[in-house]
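Visitor: Give me a 3D structure for the following:
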Amino acid sequence: MKKKLSIEKQPSMRTPPPSFVKLAMKNMVRKGNQSLFHFGLTAIGFLAFILLIAVLGRPNIPH
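Guide: A predicted model of the protein is given here:
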């Protein structure tokens, strides 16, 4: 006779894996200065892009 091994599915008591936001925040705390530097570069680049679009797209009103 074959014995069937019945494995009952039990809810795991382990905690779920951390979300991506929590992992990103943990990385930012661990790599503080580098993260702030990259955030600053991103902010400056975004503002420069917006200003460039505003200058190139401004209306040309004749006098």
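Visitor: Next secondary structure after the helix-or-strand element of the chain with minimal mean pLDDT?
Guide: Every helix and strand of the chain was ranked by mean pLDDT, DSSP states H and E. The lowest is helix 20-30, at a mean of 86. Sequence-wise, the next helix or strand downstream of helix 20-30 (DSSP states H and E) is helix 32-56.
Visitor: What average pLDDT does that next one get?
Guide: With pLDDT averaged residue by residue, helix 32-56 scores 93.
Visitor: Return the angle between stretch directions for that helix and helix 20-30.
Guide: 110 degrees (axes from the mean of the first three to the mean of the last three Cα atoms, to 10 degrees).
Visitor: rewinding a little: ok now the least confident helix or strand of the chain, how far from the chain's centre?
Guide: Distance of helix 20-30 from the chain centroid (Cα atoms, centre = their mean, to the nearest Å) equals 9 Å.
Visitor: Check stretch 25-40 too.
Guide: 12 Å.
Visitor: likewise stretch 37-51?
Guide: 16 Å.
Visitor: From Ser19, how far out is Ala48?
Guide: 32 Å (Cβ to Cβ, to the nearest Å). Every C-beta, even on glycine, is put in place using the N, C-alpha and C of the backbone.
Visitor: ok, back up a step: packing partners for the least confident helix or strand of the chain?
Guide: Helix 20-30 is packed against no helix or strand, with contacts defined by 3 or more Cβ pairs under 8 Å, 6 or more residues apart in numbering; DSSP states H and E.
Visitor: Could you give me the buried positions within that helix?
Guide: Residues of helix 20-30 include none that count as buried (16 or more other Cβ atoms under 10 Å).
Visitor: For that helix, list the C-alpha coordinates in PDB.
Guide: Taking Å, rounded to 0.1, in the frame of the first residue of the first chain, the C-alpha atoms of helix 20-30 are listed here in PDB:
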ATOM      1  CA  PHE A  20       9.500  48.300  -2.300                       C
ATOM      2  CA  VAL A  21       8.800  51.700  -0.500                       C
ATOM      3  CA  LYS A  22      10.200  50.300   2.800                       C
ATOM      4  CA  LEU A  23      13.200  48.900   1.100                       C
ATOM      5  CA  ALA A  24      13.900  52.200  -0.700                       C
ATOM      6  CA  MET A  25      13.600  54.100   2.500                       C
ATOM      7  CA  LYS A  26      15.900  51.700   4.200                       C
ATOM      8  CA  ASN A  27      18.400  52.200   1.400                       C
ATOM      9  CA  MET A  28      18.100  56.000   1.600                       C
ATOM     10  CA  VAL A  29      18.900  55.900   5.300                       C
ATOM     11  CA  ARG A  30      21.800  53.600   4.800                       C
END
